[in-house]
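Colleague: The sequence isn't on hand, but the structure is:
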């Protein structure tokens, strides 16, 4: 399986570059502003630890909000779904990731979901 993935990943990366090039580097976060706008890479790891890489996979990068996903997974492992969602909601929000509006107005002290900043802090 990983061998087939190793063969396919470079083509997928190159096919995806046209979409990645349409985006812009976020300049409101200093570390993101330093990132090359044309960088695109992937690393996939199988259950046995074997990896397949393509593109700019060796380029260091800042994790920023993707770290919220890993924190949430760890919280699930430590506290279970019920324990996590006792502290944060699971509702979508149309607000910015750093908005405090609903935290203060709707259900004070309980963030709407674990992927907004207030929810990630609670997790």
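Modeller: Great, that's in hand. What you see is a predicted model, and the numbers here were worked out from it, not measured in a lab.
Colleague: got the residue ranges for the strands in this structure?
Modeller: 41-45, 51-55 (DSSP state E).
Colleague: Tell me which of those sits nearest to residue 98.
Modeller: Minimum separation from residue 98 across the strands of the chain (Cβ to Cβ) falls at strand 41-45, 27.0 Å. C-beta: built from backbone N, CA, C; applies to glycine.
Colleague: What strands flank the closest one, and is each parallel or antiparallel?
Modeller: strand 51-55 (antiparallel) (DSSP bridges).
Colleague: so what's residue 99 up against?
Modeller: 93, 116 (Cβ atoms under 8 Å, 6 or more residues apart in numbering).
Colleague: follow-up on the earlier one: make a markdown table out of the strands of the chain and add mean neighbour count and distance to residue 34.
Modeller: Listed next are the strands of the chain as a markdown table, based on neighbours: other Cβ atoms under 10 Å; distance: least, Cβ to Cβ, whole Å:
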| stretch | mean neighbour count | distance to residue 34 |
| --- | --- | --- |
| strand 41-45 | 14 | 16 |
| strand 51-55 | 18 | 19 |
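Colleague: could these go into a markdown table alongside mean pLDDT and distance to residue 26?
Modeller: Compiled in a markdown table, the strands of the chain are given as follows (pLDDT from 0 to 100; distance: least, Cβ to Cβ, whole Å):
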| stretch | mean pLDDT | distance to residue 26 |
| --- | --- | --- |
| strand 41-45 | 93 | 18 |
| strand 51-55 | 95 | 20 |
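Colleague: Thank you kindly, that will do.
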